[in-house]
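> fold the following and give me the result.
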Amino acid sequence: MTCWLDRREKVLWFTRFLDWVVETDDIDWIGIQEDECSKEGAVNRDSIGEHLGEEKKVLTRANLQYGESTYNTAKHPLLSNIDIGTLDSEYRCNNFVYAMERFLHEHGLLKLDYWDATPAKYQLYKHIHIVLPSTPEISDHPVMDLCRATAAQPVAVSGKTRWKPAPAQFNTVLARKELPESRSEGLDVLGPNGLHVAQVRAIFELPEELSTFPHPLAYVEWFTPLQKLDKDTLMYQVEHSEKNNIHSASIIPVTYISRSCHLIPFSGNCTDGKWTGKNILNECKSFHLNLYLRPIDFVLLRT
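This is a model prediction of the structure:
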(Lines give C-alpha, C1' and ligand atoms only; values in the text may rest on other atoms or scores of the structure.)
Protein backbone atom coordinates (compact mmCIF):
# COMPACT_ATOMS: atom_id res chain seq x y z
CA MET A 1 0.00 0.00 0.00
CA THR A 2 2.83 2.38 0.86
CA CYS A 3 4.56 1.74 -2.48
CA TRP A 4 1.30 2.32 -4.33
CA LEU A 5 0.73 5.65 -2.59
CA ASP A 6 4.31 6.69 -3.33
CA ARG A 7 3.83 5.96 -7.02
CA ARG A 8 0.55 7.87 -7.11
CA GLU A 9 2.23 10.85 -5.46
CA LYS A 10 5.02 10.87 -8.05
CA VAL A 11 2.49 10.64 -10.87
CA LEU A 12 0.63 13.60 -9.38
CA TRP A 13 3.83 15.67 -9.12
CA PHE A 14 4.76 14.96 -12.68
CA THR A 15 1.24 15.66 -13.99
CA ARG A 16 1.19 19.05 -12.28
CA PHE A 17 4.63 19.84 -13.65
CA LEU A 18 3.56 19.04 -17.23
CA ASP A 19 0.35 21.05 -16.81
CA TRP A 20 2.41 24.02 -15.66
CA VAL A 21 4.74 23.74 -18.66
CA VAL A 22 1.97 23.36 -21.24
CA GLU A 23 -0.41 25.99 -19.87
CA THR A 24 2.01 28.74 -18.86
CA ASP A 25 4.88 28.40 -21.31
CA ASP A 26 5.23 28.35 -25.06
CA ILE A 27 9.00 28.40 -24.79
CA ASP A 28 11.36 26.21 -26.75
CA TRP A 29 13.37 25.25 -23.67
CA ILE A 30 16.35 23.89 -25.51
CA GLY A 31 16.16 26.62 -28.14
CA ILE A 32 16.85 29.19 -25.42
CA GLN A 33 20.50 28.16 -25.44
CA GLU A 34 20.71 28.70 -29.19
CA ASP A 35 19.14 32.17 -28.89
CA GLU A 36 21.63 33.12 -26.19
CA CYS A 37 24.46 31.86 -28.36
CA SER A 38 23.21 34.03 -31.24
CA LYS A 39 23.04 37.11 -29.01
CA GLU A 40 26.58 36.52 -27.81
CA GLY A 41 27.71 36.08 -31.39
CA ALA A 42 26.42 39.56 -32.22
CA VAL A 43 29.13 41.11 -30.07
CA ASN A 44 31.92 38.59 -30.53
CA ARG A 45 34.70 39.04 -33.05
CA ASP A 46 34.00 35.71 -34.76
CA SER A 47 30.27 36.27 -35.21
CA ILE A 48 30.39 37.25 -38.89
CA GLY A 49 32.79 34.50 -39.90
CA GLU A 50 30.94 31.96 -37.81
CA HIS A 51 27.60 32.66 -39.47
CA LEU A 52 29.16 32.63 -42.94
CA GLY A 53 30.94 29.38 -42.20
CA GLU A 54 27.71 27.73 -41.10
CA GLU A 55 25.39 28.71 -43.92
CA LYS A 56 25.42 25.09 -45.03
CA LYS A 57 24.72 22.41 -42.49
CA VAL A 58 25.37 18.71 -42.65
CA LEU A 59 22.76 16.57 -40.92
CA THR A 60 23.99 13.04 -40.31
CA ARG A 61 21.43 10.25 -39.99
CA ALA A 62 22.68 7.36 -42.09
CA ASN A 63 25.17 4.67 -41.12
CA LEU A 64 24.73 5.17 -37.38
CA GLN A 65 24.94 2.25 -34.98
CA TYR A 66 22.50 1.61 -32.16
CA GLY A 67 23.16 4.13 -29.40
CA GLU A 68 24.74 6.81 -31.62
CA SER A 69 23.19 10.27 -31.79
CA THR A 70 22.24 12.24 -34.86
CA TYR A 71 24.10 15.54 -35.04
CA ASN A 72 24.07 18.75 -37.03
CA THR A 73 27.24 20.74 -37.63
CA ALA A 74 28.87 23.20 -39.99
CA LYS A 75 29.94 21.86 -43.36
CA HIS A 76 33.53 22.93 -42.62
CA PRO A 77 35.31 23.57 -39.28
CA LEU A 78 35.63 27.26 -38.45
CA LEU A 79 39.12 27.09 -36.89
CA SER A 80 42.10 25.55 -38.69
CA ASN A 81 45.80 24.85 -38.10
CA ILE A 82 45.36 24.45 -34.35
CA ASP A 83 48.42 22.77 -32.87
CA ILE A 84 48.68 20.59 -29.78
CA GLY A 85 50.23 23.43 -27.78
CA THR A 86 47.15 25.57 -28.36
CA LEU A 87 44.85 22.70 -27.45
CA ASP A 88 46.78 22.32 -24.20
CA SER A 89 47.01 25.99 -23.21
CA GLU A 90 43.71 27.45 -24.46
CA TYR A 91 41.40 24.43 -24.41
CA ARG A 92 42.99 22.57 -21.47
CA CYS A 93 43.27 19.32 -23.42
CA ASN A 94 46.14 18.28 -21.17
CA ASN A 95 46.27 14.60 -22.15
CA PHE A 96 45.36 15.03 -25.80
CA VAL A 97 48.23 13.02 -27.32
CA TYR A 98 47.66 10.01 -25.07
CA ALA A 99 43.89 10.17 -25.51
CA MET A 100 44.35 10.27 -29.28
CA GLU A 101 46.61 7.22 -29.15
CA ARG A 102 43.96 5.28 -27.20
CA PHE A 103 41.21 6.32 -29.60
CA LEU A 104 43.18 5.28 -32.67
CA HIS A 105 44.14 1.97 -31.04
CA GLU A 106 40.54 1.17 -30.00
CA HIS A 107 39.26 1.81 -33.53
CA GLY A 108 42.08 -0.03 -35.28
CA LEU A 109 43.51 3.15 -36.81
CA LEU A 110 46.83 3.50 -34.95
CA LYS A 111 49.90 3.68 -37.18
CA LEU A 112 53.30 2.37 -36.12
CA ASP A 113 54.96 5.78 -36.52
CA TYR A 114 52.41 7.64 -34.36
CA TRP A 115 54.99 8.87 -31.84
CA ASP A 116 57.68 9.57 -34.45
CA ALA A 117 55.54 11.46 -36.97
CA THR A 118 55.35 15.27 -37.12
CA PRO A 119 52.56 16.50 -34.78
CA ALA A 120 49.36 17.07 -36.73
CA LYS A 121 47.39 20.31 -36.98
CA TYR A 122 43.69 20.20 -36.14
CA GLN A 123 40.52 21.80 -37.48
CA LEU A 124 38.06 22.73 -34.75
CA TYR A 125 34.34 23.37 -34.60
CA LYS A 126 32.95 25.92 -32.18
CA HIS A 127 29.82 23.91 -31.51
CA ILE A 128 27.57 21.12 -32.71
CA HIS A 129 23.86 20.43 -32.41
CA ILE A 130 22.68 17.07 -31.12
CA VAL A 131 19.27 16.01 -32.43
CA LEU A 132 17.18 14.78 -29.51
CA PRO A 133 14.46 12.32 -30.54
CA SER A 134 10.85 13.12 -29.72
CA THR A 135 9.81 12.45 -26.13
CA PRO A 136 6.10 11.61 -25.70
CA GLU A 137 5.89 13.40 -22.35
CA ILE A 138 7.32 16.62 -23.81
CA SER A 139 7.07 16.94 -27.58
CA ASP A 140 6.06 15.02 -30.70
CA HIS A 141 8.98 16.46 -32.66
CA PRO A 142 12.77 16.11 -32.43
CA VAL A 143 14.58 19.11 -30.98
CA MET A 144 18.10 20.51 -31.36
CA ASP A 145 20.46 20.61 -28.38
CA LEU A 146 23.49 22.91 -28.50
CA CYS A 147 26.94 21.78 -27.32
CA ARG A 148 29.76 24.37 -27.32
CA ALA A 149 33.53 24.11 -26.97
CA THR A 150 35.17 27.51 -27.46
CA ALA A 151 38.29 29.06 -25.99
CA ALA A 152 38.27 32.48 -24.34
CA GLN A 153 38.60 35.46 -26.68
CA PRO A 154 40.39 38.66 -25.54
CA VAL A 155 39.40 42.20 -26.45
CA ALA A 156 40.07 42.97 -30.12
CA VAL A 157 40.16 46.31 -31.94
CA SER A 158 40.07 46.78 -35.71
CA GLY A 159 39.82 50.38 -36.85
CA LYS A 160 36.74 51.89 -35.21
CA THR A 161 35.31 48.49 -34.32
CA ARG A 162 35.89 47.03 -30.89
CA TRP A 163 34.90 43.49 -29.95
CA LYS A 164 34.16 42.60 -26.36
CA PRO A 165 36.05 39.74 -24.69
CA ALA A 166 34.25 36.42 -24.69
CA PRO A 167 34.65 33.82 -21.93
CA ALA A 168 35.49 30.21 -22.67
CA GLN A 169 32.51 27.91 -23.05
CA PHE A 170 33.10 24.22 -22.44
CA ASN A 171 29.67 22.65 -22.01
CA THR A 172 28.86 19.60 -19.93
CA VAL A 173 27.05 16.70 -21.57
CA LEU A 174 25.74 13.21 -21.01
CA ALA A 175 27.81 10.88 -23.17
CA ARG A 176 28.75 7.24 -23.62
CA LYS A 177 32.19 5.75 -23.16
CA GLU A 178 31.16 2.91 -25.45
CA LEU A 179 28.07 1.86 -27.40
CA PRO A 180 25.49 -0.60 -26.01
CA GLU A 181 26.32 -4.22 -26.77
CA SER A 182 22.76 -5.06 -27.83
CA ARG A 183 19.45 -3.38 -28.62
CA SER A 184 18.00 -4.80 -25.43
CA GLU A 185 19.93 -2.17 -23.47
CA GLY A 186 18.08 1.11 -22.95
CA LEU A 187 19.56 4.29 -24.42
CA ASP A 188 18.80 6.41 -21.34
CA VAL A 189 20.45 4.09 -18.81
CA LEU A 190 22.66 5.97 -16.34
CA GLY A 191 25.65 4.66 -14.42
CA PRO A 192 28.91 2.83 -15.17
CA ASN A 193 27.46 0.99 -18.18
CA GLY A 194 25.38 3.88 -19.49
CA LEU A 195 25.50 7.64 -19.79
CA HIS A 196 28.23 9.57 -17.96
CA VAL A 197 28.63 13.27 -17.28
CA ALA A 198 31.52 14.79 -19.24
CA GLN A 199 32.86 18.24 -20.08
CA VAL A 200 33.60 18.86 -23.75
CA ARG A 201 36.95 20.59 -24.26
CA ALA A 202 37.32 20.48 -28.05
CA ILE A 203 35.37 19.36 -31.13
CA PHE A 204 37.52 18.60 -34.15
CA GLU A 205 38.09 16.59 -37.31
CA LEU A 206 40.60 13.75 -37.31
CA PRO A 207 43.60 14.90 -39.42
CA GLU A 208 44.13 12.93 -42.61
CA GLU A 209 47.77 12.21 -41.74
CA LEU A 210 46.59 10.23 -38.70
CA SER A 211 43.70 8.40 -40.37
CA THR A 212 40.11 8.93 -41.51
CA PHE A 213 36.91 8.81 -39.47
CA PRO A 214 33.34 9.49 -40.65
CA HIS A 215 32.35 11.80 -37.79
CA PRO A 216 33.90 14.71 -35.86
CA LEU A 217 35.56 13.84 -32.56
CA ALA A 218 35.34 15.39 -29.10
CA TYR A 219 37.96 15.57 -26.34
CA VAL A 220 36.06 15.17 -23.06
CA GLU A 221 36.90 15.03 -19.36
CA TRP A 222 34.82 12.55 -17.38
CA PHE A 223 33.00 12.80 -14.08
CA THR A 224 32.27 9.91 -11.72
CA PRO A 225 29.43 7.50 -12.68
CA LEU A 226 25.84 8.49 -11.92
CA GLN A 227 25.20 6.27 -8.91
CA LYS A 228 25.01 8.43 -5.77
CA LEU A 229 21.77 10.31 -5.05
CA ASP A 230 21.46 13.26 -2.70
CA LYS A 231 18.72 12.29 -0.24
CA ASP A 232 17.32 15.83 0.02
CA THR A 233 17.23 16.92 -3.62
CA LEU A 234 17.08 13.46 -5.25
CA MET A 235 19.70 14.70 -7.69
CA TYR A 236 22.72 12.67 -8.74
CA GLN A 237 26.02 13.72 -7.16
CA VAL A 238 29.17 13.63 -9.28
CA GLU A 239 32.81 14.60 -8.92
CA HIS A 240 35.70 14.90 -11.33
CA SER A 241 36.99 11.47 -12.25
CA GLU A 242 40.71 11.61 -11.46
CA LYS A 243 43.75 9.39 -11.15
CA ASN A 244 46.87 10.80 -9.48
CA ASN A 245 45.20 14.25 -9.53
CA ILE A 246 44.85 14.10 -13.32
CA HIS A 247 41.42 14.34 -14.93
CA SER A 248 40.27 11.20 -16.68
CA ALA A 249 39.90 12.17 -20.35
CA SER A 250 39.04 10.48 -23.64
CA ILE A 251 38.46 11.23 -27.28
CA ILE A 252 35.07 10.00 -28.47
CA PRO A 253 33.01 10.43 -31.65
CA VAL A 254 30.42 13.21 -31.30
CA THR A 255 27.79 10.56 -32.00
CA TYR A 256 28.50 9.22 -28.49
CA ILE A 257 27.14 12.48 -26.99
CA SER A 258 23.51 12.05 -25.98
CA ARG A 259 22.57 15.56 -24.83
CA SER A 260 23.78 18.57 -22.87
CA CYS A 261 23.35 18.78 -19.11
CA HIS A 262 23.76 21.28 -16.28
CA LEU A 263 25.78 20.84 -13.10
CA ILE A 264 25.02 22.69 -9.85
CA PRO A 265 28.09 23.30 -7.64
CA PHE A 266 27.77 21.72 -4.21
CA SER A 267 29.84 23.16 -1.38
CA GLY A 268 28.15 21.98 1.80
CA ASN A 269 27.76 24.57 4.55
CA CYS A 270 30.07 27.22 3.07
CA THR A 271 30.93 28.50 -0.39
CA ASP A 272 34.42 29.43 -1.55
CA GLY A 273 34.47 33.15 -2.37
CA LYS A 274 37.10 32.58 -5.05
CA TRP A 275 34.68 30.68 -7.27
CA THR A 276 33.58 32.46 -10.42
CA GLY A 277 31.68 31.48 -13.54
CA LYS A 278 35.02 31.00 -15.27
CA ASN A 279 36.64 28.60 -12.79
CA ILE A 280 33.76 26.93 -10.96
CA LEU A 281 33.84 23.68 -12.95
CA ASN A 282 37.56 23.33 -12.26
CA GLU A 283 37.67 24.49 -8.64
CA CYS A 284 34.54 22.91 -7.18
CA LYS A 285 34.89 19.26 -6.14
CA SER A 286 31.29 18.07 -6.09
CA PHE A 287 28.22 18.80 -8.21
CA HIS A 288 24.54 17.97 -8.46
CA LEU A 289 23.14 17.01 -11.86
CA ASN A 290 20.28 19.47 -12.42
CA LEU A 291 17.03 17.72 -13.32
CA TYR A 292 14.94 20.91 -13.37
CA LEU A 293 16.70 22.84 -16.14
CA ARG A 294 14.36 21.62 -18.89
CA PRO A 295 11.33 19.33 -18.99
CA ILE A 296 13.33 16.76 -20.95
CA ASP A 297 15.91 16.61 -18.14
CA PHE A 298 13.14 16.00 -15.63
CA VAL A 299 11.83 13.06 -17.68
CA LEU A 300 15.26 11.46 -18.01
CA LEU A 301 16.75 12.09 -14.58
CA ARG A 302 13.82 11.92 -12.17
CA THR A 303 14.12 8.74 -10.09
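
> low-confidence regions, the stretch 1-150 of the chain specifically.
21-62 (pLDDT under 70).

> tell me how far stretch 255-275 lies from the chain's centre.
Relative to its chain's centre, stretch 255-275 lies at 13 Å (Cα atoms, centre = their mean, to the nearest Å).

> now do the buried residues in it.
Residues of stretch 255-275 classed as buried: 255-261, 263, 266 (neighbour count, 16 or more other Cβ atoms under 10 Å). Every residue, glycine included, has its C-beta placed from N, CA and C.

> and the nearest residue to A168 once chain neighbours are set aside, what pLDDT?
Nearest residue to A168, sequence neighbours excluded (Cβ to Cβ, 6 or more residues apart in numbering): A152, at 4.2 Å. pLDDT recorded at A152 is 89.

> so A152 sits right up against P165, yeah?
Yes: using Cβ atoms under 8 Å, A152 is in contact with P165, at 7.2 Å.

> can you map out the strands along the stretch 151-300 of the chain?
For the stretch 151-300 of the chain, the strands defined by DSSP state E, counting those that start in this stretch occupy 156-158, 161-163, 169-170, 172-176, 195-205, 217-222, 228-229, 236-239, 242-243, 246-247, 249-253, 257-261, 263-266, 286-289.

> TSV for these, including mean pLDDT and distance to S139?
Shown next, in TSV, are the strands of the stretch 151-300 of the chain (pLDDT from 0 to 100; distance: least, Cβ to Cβ, whole Å):
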stretch	mean pLDDT	distance to S139
strand 156-158	77	40
strand 161-163	79	37
strand 169-170	93	26
strand 172-176	94	18
strand 195-205	95	20
strand 217-222	96	26
strand 228-229	88	27
strand 236-239	93	24
strand 242-243	87	38
strand 246-247	89	35
strand 249-253	96	26
strand 257-261	94	14
strand 263-266	90	24
strand 286-289	92	22
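
> looking at those strands, which is closest to D188?
Comparison of the strands of the stretch 151-300 of the chain against D188 by Cβ to Cβ identifies strand 195-205 as nearest, at 7.1 Å.

> helices or strands up against the closest one?
In terms of contacts (3 or more Cβ pairs under 8 Å, 6 or more residues apart in numbering; DSSP states H and E), strand 195-205 is packed against strand 122-125, strand 143-150, strand 169-170, strand 172-176, strand 217-222, strand 257-261.

> most neighbours per residue, which of the ones you listed?
Mean neighbours per residue, mean count of other Cβ atoms under 10 Å, is largest over the helices and strands packed on strand 195-205 for strand 217-222, with a mean of 25.

> okay, and D19 sits in which element?
D19 is part of helix 2-24 when elements are defined by DSSP states H and E.

> what's that helix packed up against?
helix 295-301.

> checking D88 next. Helix, strand or coil?
Following DSSP: H, G, I helix; E, B strand; the rest coil, we place D88 in the helix state.

> now do it against V200, distance only.
Distance, D88 to V200, by Cβ to Cβ, to the nearest Å: 16 Å.

> got it, and D272?
D272 sits 25 Å away from V200, going by Cβ to Cβ.

> now swap in L5 and tell me
Applying Cβ to Cβ, the value for L5 to V200 is 42 Å.

> next one: the helix or strand hosting Y71 to chain centre, how far?
Element membership for Y71, per DSSP H and E: strand 70-74. Between the centre of strand 70-74 and the centre of its chain there are 13 Å (Cα atoms, centre = their mean).

> quick check: angle from it to strand 143-150?
Here the directions of strand 70-74 and strand 143-150 differ by 50 degrees (axes from the mean of the first three to the mean of the last three Cα atoms, to 10 degrees).
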